[in-house]
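1. give the three-dimensional model of this entry:
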Amino acid sequence: MEEVMITTIDNPYDPFEEFTQWDLFDREKGYNTTSRLGRLVDLTDDMTQQEENEAVERAIDRLIELDFLDIYRKVKRTTANT
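-> Residues are numbered from 1 along each chain as shown. Down below sits the predicted model:
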């Protein structure tokens, strides 16, 4: 299974493995990425996990598209299906 996250070019932390540190760095820089992403993602209570993941990825893509500073990057990792 492929997972996606968003990060900035200057954030030294892995958003998959070091989310707390990643988020603190992000907020200290004033990016507030999780809040921005939250305003773009369209989730409903009846979505499956796969549908939620797809909605989050669409929101990530949109945030990158709107990024006039060119600081955001989408990062991916592949995990075993369990």
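2. for the protein, which segments count as helices?
-> Along the chain, the stretches classed as helices by DSSP state H are 19-28, 33-40, 49-66.
3. same list, these, but as CSV with mean neighbour count and distance to residue 11 please.
-> For glycine as for every other residue, the C-beta is placed from the backbone atoms N, C-alpha and C. Converted to CSV, the helices of the chain look like this (neighbours: other Cβ atoms under 10 Å; distance: least, Cβ to Cβ, whole Å):
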stretch, mean neighbour count, distance to residue 11
helix 19-28, 15, 5
helix 33-40, 14, 9
helix 49-66, 14, 14
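4. which among these is found nearest to residue 3?
-> Using Cβ to Cβ as the measure, helix 49-66 is the one of the helices of the chain that comes nearest residue 3, at 7.5 Å.
5. just checking, what packs against the closest one?
-> Judged by 3 or more Cβ pairs under 8 Å, 6 or more residues apart in numbering; DSSP states H and E, helix 49-66 is in contact with strand 2-8, helix 33-40, strand 72-78.
6. closest to residue 24 out of the ones you listed?
-> With Cβ to Cβ as the measure, helix 33-40 is the member of the helices and strands packed on helix 49-66 nearest residue 24 (11.3 Å).
7. right, so of the helices and strands packed on helix 49-66, which gets closest to residue 19?
-> strand 2-8 (8.5 Å).
8. just checking, what packs against the closest one?
-> helix 33-40, helix 49-66, strand 72-78.
9. that one pairs with which strands?
-> Strand 2-8 pairs in its sheet with strand 72-78 (antiparallel), by DSSP bridges.
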